[in-house]
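Undergrad: Provide a 3D model corresponding to the input given below.
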Amino acid sequence: MGQSTFPVPSSGSSTSTILPVNASSVILDGSLTSAGTYTTTVNGNGGIAYLVASDNPAKFTIGGNSYTVAANSVSATSTVVSSSASVTVANGGFATTAPSTFTASTMPTGAGSTNGWYGVTYGNGYYVAVAYGTTAGAYSTDGITWTASTMPSSSNWFGVTYGNGYFVAVANGTTAGAYSTNGTSWTASTMPSSSNWRSVTYGNGYYVAVALGTTAGAYSTNGTSWTASTMPSSSNWISVTYGNGYFVAVQSSGTNAGAYSTNGTTWTTSTMPSSSQWRAVTYGLVGATPTYVAVQQSGTTAGAYSTNGTTWTASTMPSASSWQSVTYGNGYFVAVQASGTTAGAYSTNGTTWTASTLPSASYWYGVTYGNGYFVAVQASGTTAGAYFAQSAALPVNFGIYNGPTTIN
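TA: Now for the predicted structure:
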């Protein structure tokens, strides 16, 4: 099972390196060393459970309730553990494995032979993709195997995001929008204008969308109804992200204009480091430093990063590709391109990049991260998809302890 030691529960000492206060005895104690999960049945005293993890985070499932415990910490639960209680212990995180080589997956056929998958996101246990010029949607619970879904209209679906319980999608050249509470079934919504909506993000209670070739922007507080906003210039606003209190947008008009907003409703111009056709922007943490990263589709090696969302510094991509999408997850920025090659890229700091390899020479158009997987989709009109799975963060040293039967 991958565990090295599971001593018999006792009222004596534990082998865990962290001991919870007020614990009366050991229910289960051990280590995951090669396998990422362990399931068994335990006998508690009818009191609450204390959970501990060291070295790496652990995820505990007890009586249908799940808890994630950070590395080197103790968590008191509200779950009562009595006799014959089912317990599963799993790794609570993923190793920071470099996403150097992606593996092929297969998307549903609904995108057709001339269209393709243009947007992908992750939320609430689901990877969700939308397609251009069709009612085709798709979802996956593992980032590898996909199931077809149906969008509420045959529109040029371009951008999709997740936040606050809703998947939200926008379409190009129409007022068509869509939302979903589960990623599998969708409901139509209405955007404030028939603009070329290209990107949508969520942050700080707002869904925010930007559009191509106009000053039109949009925001929503619920994901279902939208209000118009105004971008700082009539540019090809093509991507928007949120992080550390700022919405940040880039445009592909071939100028050095960018934009930022502290509320998602009013915008201020920023300056990109070059007049490239900036195509995508994302947000991540480099250590404790907030970092925004932008890539371009000009067929050059130009990239950019910012630590505040308002001022930018040039960086260099590993090849002169048409970089189309960038995401962040578990210590890595990852970019994909639509140059019809297998070129990809990753970075641990957003400033220096290393080449990676996609499984086919497709027009990779979207990439996202969730639950240990980087997942990419393409707009080539094929069923090609791609994923990179990060390995479980092991070892996980854990303990489950009997607590009091009453809580004062």
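
Undergrad: any weak-confidence spans in the stretch 51-200 of the chain?
TA: 111-115 (pLDDT under 70).

Undergrad: that one: strands as residue ranges?
TA: Here the stretch 51-200 of the chain has its strands, by DSSP state E, counting those that start in this stretch, at 58-62, 65-69, 73-81, 85-91, 103-106, 117-123, 126-140, 147-163, 166-172, 176-180, 187-190, 196-203.

Undergrad: now the fourth one: buried residues?
TA: When you say that, I think you mean strand 85-91. 85, 87, 89, 90, 91 (16 or more other CB atoms under 10 Å). (Glycine included, C-beta is placed from N, CA and C.)

Undergrad: and the closest residue to residue 390 other than its chain neighbours, what does it touch?
TA: Spatial nearest neighbour of residue 390, excluding adjacent residues (CB to CB, 6 or more residues apart in numbering): residue 94 at 4.1 Å. Residues counted as contacts of residue 94 (CB atoms under 8 Å, 6 or more residues apart in numbering) are 330, 372, 390, 391, 392, 393.

Undergrad: and residue 330, by the same measure?
TA: Contacts of residue 330 by CB under 8 Å, 6+ apart are 93, 94, 96, 369, 372, 390.

Undergrad: name the nearest of these relative to residue 242.
TA: residue 369 (15.1 Å; CB to CB).

Undergrad: how many residues are close by that closest one?
TA: 24 (other CB atoms under 10 Å).

Undergrad: hmm, who's touching the strand or helix carrying it?
TA: Remark: residue 369 resides in strand 364-370, with elements defined by DSSP states H and E. Outside strand 364-370, the residues that touch it by CB under 8 Å, 6+ apart are 116-123, 127, 129, 143, 324-330, 334-338, 344, 358, 374-379, 386.

Undergrad: mind checking which of these are in helices?
TA: Judged by DSSP state H, the subset of those located in helices is empty.

Undergrad: tally of neighbours for residue 131?
TA: Counted with other CB under 10 Å, residue 131 comes out at 29.

Undergrad: look up how far residue 149 lies from it.
TA: 10 Å (CB to CB, to the nearest Å).

Undergrad: identify the contacts common to those two.
TA: With CB under 8 Å, 6+ apart as the test, residue 131 and residue 149 both reach 137, 138.

Undergrad: circling back to that earlier point, partner strands of the strand holding residue 369 and their direction?
TA: Next to strand 364-370 in the sheet, as set by DSSP bridges, lie strand 373-378 (antiparallel).
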